[in-house]
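K.L.:
Fold the following, please.
(2 chains)
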There are 2 protein chains.
Amino acid sequence: MASNGKMVKDITAMDEDFAKWYTDIVKKAELIEYTSVKGCMVIRPYGYAIWENMQRILDGMFKETGHENVCMPMFIPESLLQKEKDHVEGFAPEVAWVTHGGSEKLEERLCVRPTSETLFCEHYANIIHSHRDLPKLYNQWVSVVRWEKTTRPFLRSREFLWQEGHTIHATANEAIEETERMLNVYADFCENYLAMPVIKGKKTESDKFAGAVSTYAIEALMHDGKALQAGTSHYFGDGFAKAFSIQYTNKENKQEYPHQTSWGVTTRLIGAIIMTHGDDNGLVLPPAVAPTQLVIIPIASHKPGVIEKAEELEARIKNICRVKTDKSDQSPGWKFAEYEMKGVPLRLEIGPKDIENNQCVIVRRDNREKYFVSLDELERKIPELLAEVHKGLYEKALSNRENRTYACTSIEEIKKVLAEKGDGFIKAMWCEDEACEDKVKEETGAGSRCMPLDQEFISDKCVCCGKPAKKLVYWGKAY
Amino acid sequence: MASNGKMVKDITAMDEDFAKWYTDIVKKAELIEYTSVKGCMVIRPYGYAIWENMQRILDGMFKETGHENVCMPMFIPESLLQKEKDHVEGFAPEVAWVTHGGSEKLEERLCVRPTSETLFCEHYANIIHSHRDLPKLYNQWVSVVRWEKTTRPFLRSREFLWQEGHTIHATANEAIEETERMLNVYADFCENYLAMPVIKGKKTESDKFAGAVSTYAIEALMHDGKALQAGTSHYFGDGFAKAFSIQYTNKENKQEYPHQTSWGVTTRLIGAIIMTHGDDNGLVLPPAVAPTQLVIIPIASHKPGVIEKAEELEARIKNICRVKTDKSDQSPGWKFAEYEMKGVPLRLEIGPKDIENNQCVIVRRDNREKYFVSLDELERKIPELLAEVHKGLYEKALSNRENRTYACTSIEEIKKVLAEKGDGFIKAMWCEDEACEDKVKEETGAGSRCMPLDQEFISDKCVCCGKPAKKLVYWGKAY
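P.N.:
Here you go, the predicted model:
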């Protein structure tokens, strides 16, 4: 049996060292490879195919909701970045600066976009004149750069892939509706395609996007009890419009400032599915985005008819799922471990005895349940099992989150819970005073994640100062 | 009738000023908008939708031929760019340099990728060890940056979108086959989807890609008689492998250098279809990549039943073509001009009289031919007309090229032809001496475009020096 460094024994156990387990998986499942540029990575074919599936689904959802794709330049002149005060303060410290073109020094530095609000605003100022020009519902699929100090594949890298939606509307209400609509699209995507339950909420003032009036986010809980922000949707009011002099003539022929939004998800979602669904055998992929949904493994493939049968099955089912057959000369045991590592949702085993009995064995990756399936029933059974894998993953993730969500009414209680039970979501009331928010984080390590849209009542007092509480907040340590 | 700056009268006539005509079209058909970053543009929804269609078709062709998508970083450390001598000489003068991350000066400058050979090589050195690891057939869809002095939308911009294929093979033969295969894929794409005939050929030594053993290209002739390089495919031999120490163990357990290729097409193809098919009324889009293939224009839409009928037709035909209905309150005349400007291949007019007669009018964009079509026959007639538009465009472009291709046997003859007949392809024999190649260009303005794979015999003497000729070359002025 060949050892190519991919055997299960080579992965660190999750409970032993979750961070190491994570890094082992991204490397050994061949999702990424490091490069000589610190904080930048190669996304390898298997990792990129997951992203392509995510893109295809999300892009369909964006177009379904009326959005169009565009492409802005990757460079932002320094003076343009500086036009909106809060925005530049938020981003300038972490941008990469281009200072030379060839051997010539540029008259003005250009930053590599960390996000593209300023470019969209400049464009909107050029093309929006009348109420007839509104709304514009734009999106782009690009990479952006943020010069982070510490980096981790997918979770925090200096360059990452994302989509950024940028929309502009005649009224504040329309823009707020858009902000909420896209938050719902993201939640729908995470839950129904990535099998990852999320909390929809609003960020606190201190945690808003630079330049936003309000920031909404979806927050997920990873296997280790740490929170991960999986997507954000921002409402800008007319602040950017004023900074960039974007005005339109309304129906009464008066000049008005339009209202804007932006929203984005990134390749971080790949990190999220690793840490939500993965186990000690490797990656576990939600069927909707798995590059291969079912792998066929011929058993005793030297016996006559086995390879032929495997090929026949592949040809038969390739229209109902993404399938591949591993006909290599590795042993079945090696192949089982390999495709478990790669998180393929279903494995189909077919050998001489199965062929005799007109059946095959199908094994689910998520819970290793084994099914003897008649070859006459594959077309019915495979989609059913893929749906069950999705459901199983979702329920397991949801129950992990529920088991790790704790309602607390004092800082002491938060500390005790985190010490005794480990990381998780803390639900606690808050008075909306930033000092209390900071103190909770300082004393417990758990920062405010979001104020959930579905507000609950736990107590009438702020978990920190005891004064009247205004909001339920989810707190947690975060990626 | 509203005038929003898009009326036909606003386009410069092609014959008056082809360059101005081109710029008018990219702006007025809303393909691009300029930005404050010189040489960088916004690709607007209509322009980007054309690129998305190109991407979808090409990506399918790449996957069909066994390629996988990956994503490399956008930054290349200076020392990495310098590893292959010819390559760095070719690209260093025109790269954008990142020197600072946030407020800190970088220890080593990074360039924004002008092309990614060096990054792929670094990656290959990491992941290729054995003959079992070969071949790797990779591609990526990204943008690249080249700091050009003079720029034109789509044709030559500082940032442009492209795909770059990078493959690595055990043997030289396999790599050469791949180089040729991808040249054929490009030619197939240009001819069968963009309706643009191309000459497949090899570049001369002086015109090769920096670091390549040989460069193949497809060359198209634009409406004005200038040539445009529409795609390239390079064979690298083992030069990069040696420079980057990429080695594999062959079946005999010996260390060998693998052989590489790269190939790419860019958003330049959008410029190519504008200049191949466009006319004085605007853009003319090949049906395969047109964002809208058929636009429905209701006539006398205030009359009862007209809008309803238009909507009914749209619902009926939306599964056979990309269709939209313009229900705005602009006049039919305005709409005709608007969708001619946008190059929509077919226009369907439906008014009260048509409804009475159970028919509609369909007008082809390419030759303005008008058809009365029974509403019962739309499902048959529309695909047929789309195919005819494609064929019509291809034949018109081919006949333009044939009418503008001239066989010459002396420099004097080239000068005379170009002076009397205007720009075009010159077919002339060449001795393979670079001095003669330079002299032809210097004296006639026509550079060598390529040595066509289908070689013809025109004379046995070099068009320049009169010594024995070795190759037929296509010469021309180029974009």
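K.L.:
Could you count how many residues lie near residue A:479?
P.N.:
19 (other C-beta atoms under 10 Å in any protein chain shown). All C-beta spots, glycine's among them, are computed from the backbone N, C-alpha and C.
K.L.:
ditto for residue A:299
P.N.:
Neighbours around residue A:299, by other C-beta under 10 Å: 18.
K.L.:
next one: phi and psi at it?
P.N.:
Phi and psi for residue A:299, reported as degrees, to the nearest 10, are phi -100, psi 140.
K.L.:
ok, now residue A:17?
P.N.:
Note on residue A:17: backbone dihedrals following degrees, to the nearest 10 are phi -160, psi 90.
K.L.:
What separation do you get for it and residue A:342?
P.N.:
Noted for residue A:17: a distance of 21 Å to residue A:342, by C-beta to C-beta, to the nearest Å.
K.L.:
Those two - which one has more neighbours?
P.N.:
residue A:342 (23 against 12).
K.L.:
can you pull the contacts of the closest residue to that one other than its chain neighbours?
P.N.:
Leaving aside its sequence neighbours, residue A:342 sits nearest to residue A:29 (C-beta to C-beta, 6 or more residues apart in numbering or on different chains; 5.2 Å). Contacts for residue A:29 (C-beta atoms under 8 Å, 6 or more residues apart in numbering or on different chains) come out as A:46, A:282, A:283, A:341, A:342, A:343.
K.L.:
can you pull the contacts of the third one?
P.N.:
The contact partners of residue A:283, taken as C-beta under 8 Å, 6+ apart, are A:25, A:29, A:31, A:274, A:277, A:341, A:342, A:343.
K.L.:
contacting residues for residue A:229?
P.N.:
Contact analysis of residue A:229 by C-beta under 8 Å, 6+ apart lists A:217, A:218, A:219, A:449, A:478, A:479.
K.L.:
And the pLDDT at it?
P.N.:
Note on residue A:229: pLDDT of 98.
K.L.:
Check residue A:2 too.
P.N.:
Predicted confidence (pLDDT) for residue A:2: 39.
K.L.:
Check residue A:93 too.
P.N.:
In this prediction, residue A:93 carries a pLDDT score of 88.
K.L.:
and it, how many neighbours?
P.N.:
Neighbourhood size, residue A:93 [other C-beta under 10 Å]: 14.
K.L.:
just the one 5 residues further on next, same as before
P.N.:
The local packing count at residue A:98 equals 25, with neighbours defined by other C-beta under 10 Å.
K.L.:
Name the residues that touch the strand or helix carrying it?
P.N.:
Element membership of residue A:98 [criterion: DSSP states H and E] is strand A:96-101. Contacts with strand A:96-101, where a contact means C-beta under 8 Å, 6+ apart, come from A:75, A:78, A:105-106, A:109-112, A:145, A:147, A:158, B:75, B:94-101, B:110, B:112, B:147, B:158.
K.L.:
again, only using 7 Å
P.N.:
A:75, A:105-106, A:109-112, A:145, A:147, B:96-101, B:112, B:147 (C-beta atoms under 7 Å, 6 or more residues apart in numbering or on different chains).
K.L.:
hmm, which of the residues you listed are the buried ones?
P.N.:
Among the contacts of strand A:96-101, those buried by neighbour count (16 or more other C-beta atoms under 10 Å in any protein chain shown) are A:75, A:106, A:109-112, A:145, A:147, B:96-101, B:112, B:147.
K.L.:
Whichever of the contacts of residue A:229 end up buried, select them in PyMOL.
P.N.:
Applying 16+ other C-beta under 10 Å to the contacts of residue A:229, the buried members can be selected in PyMOL as follows:
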select buried, chain A and resi 217+218+219+449+479
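K.L.:
ok, of the contacts of residue A:229, which one's closest to residue B:464?
P.N.:
Checking the contacts of residue A:229 against residue B:464 by C-beta to C-beta gives residue A:479 as the nearest, at 66.2 Å.
K.L.:
these two touch, right, the closest one and residue A:155?
P.N.:
Yes. At 5.2 Å, residue A:479 counts as touching residue A:155 under the criterion of C-beta atoms under 7 Å.
K.L.:
Next secondary structure after whichever helix or strand residue A:428 is part of?
P.N.:
Using DSSP H and E, residue A:428 maps to strand A:425-430. Scanning forward in sequence from strand A:425-430 by DSSP H and E, the next helix or strand is helix A:434-444.
K.L.:
mind listing the strands for the stretch 1-150 of chain A?
P.N.:
Along the stretch 1-150 of chain A, counting by DSSP state E, counting those that start in this stretch, strands occupy A:32-34, A:41-43, A:68-69, A:75-77, A:96-101, A:104-112, A:136-145.
K.L.:
For the stretch 51-200 of chain A, what lies in contact range of chain B?
P.N.:
For the stretch 51-200 of chain A, the residues found near chain B under the criterion C-beta under 7 Å from any C-beta of the partner chain are A:52, A:68-75, A:77, A:80, A:93-103, A:110, A:112, A:119, A:122-123, A:126-127, A:143, A:147, A:159, A:161.
K.L.:
What ranges in the stretch 301-450 of chain A fall below the confidence cut-off?
P.N.:
The stretch 301-450 of chain A contains no residues with pLDDT under 70.
K.L.:
In it, what residue lies closest to chain B?
P.N.:
Going by C-beta to the nearest C-beta, chain B is nearest to residue A:328 of the stretch 301-450 of chain A, at 9.2 Å.
K.L.:
got the phi/psi numbers for that residue?
P.N.:
Dihedral pair for residue A:328: phi -70, psi 170, per degrees, to the nearest 10.
K.L.:
Can you tell me the closest non-neighbouring residue to it?
P.N.:
Once flanking residues are discounted, residue A:328 sits nearest to residue A:335: 7.6 Å by C-beta to C-beta, 6+ apart.
K.L.:
What are the buried residues along the helix or strand containing that neighbour?
P.N.:
Using DSSP H and E, residue A:335 falls within helix A:332-341. Within helix A:332-341, the residues scored as buried using 16+ other C-beta under 10 Å are A:332, A:334, A:335, A:336, A:337, A:338, A:339, A:340, A:341.
K.L.:
What are the neighbouring residues in contact with the first one?
P.N.:
The contact partners of residue A:332, taken as C-beta under 7 Å, 6+ apart, are A:297, A:299.
K.L.:
any idea how chain A splits into domains?
P.N.:
A:8-277, A:292-389, A:405-476 (automatic domain parsing).
K.L.:
Highest mean neighbour count out of those?
P.N.:
Highest mean neighbour count of those: domain A:8-277, a mean of 20 (counted as mean count of other C-beta atoms under 10 Å in any protein chain shown).
K.L.:
Can you give me every residue that contacts the residue in the stretch 151-300 of chain A that chain B sits nearest to?
P.N.:
Closest residue of the stretch 151-300 of chain A to chain B, C-beta to the nearest C-beta: residue A:159 (5.7 Å). Contact analysis of residue A:159 by C-beta under 7 Å, 6+ apart lists A:40, A:143, A:145, B:73, B:74.
K.L.:
Export the contacts of residue A:283 as TSV, with columns for distance to residue B:440.
P.N.:
TSV is the format used below for the contacts of residue A:283 (distance: C-beta to C-beta, whole Å):
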residue	distance to residue B:440
A:25	59
A:29	56
A:31	52
A:274	59
A:277	64
A:341	60
A:342	56
A:343	59
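K.L.:
just to revisit the earlier point, give the residues shared as contacts by residue A:479 and residue A:155.
P.N.:
Counting by C-beta under 7 Å, 6+ apart, residue A:479 and residue A:155 have no common neighbour.
K.L.:
for chain A, longest helix please?
P.N.:
Scanning chain A for the longest helix, with DSSP state H as the assignment, gives helix A:378-403.
K.L.:
Name every strand pairing with the next helix or strand after that helix and say which way it goes.
P.N.:
Sequence-wise, the next helix or strand downstream of helix A:378-403 (DSSP H and E) is strand A:405-407. Strand pairing for strand A:405-407, using DSSP bridges, gives strand A:425-430 (parallel).
K.L.:
okay, the strand it pairs with in CSV with CA atoms only?
P.N.:
Extracted C-alpha coordinates of strand A:425-430, given in CSV (Å, rounded to 0.1, in the frame of the first residue of the first chain):
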residue,chain,number,x,y,z
PHE,A,425,-22.1,31.3,21.9
ILE,A,426,-23.0,33.2,25.0
LYS,A,427,-26.5,34.9,24.9
ALA,A,428,-26.6,37.8,27.2
MET,A,429,-28.4,41.2,27.5
TRP,A,430,-26.7,44.5,26.9
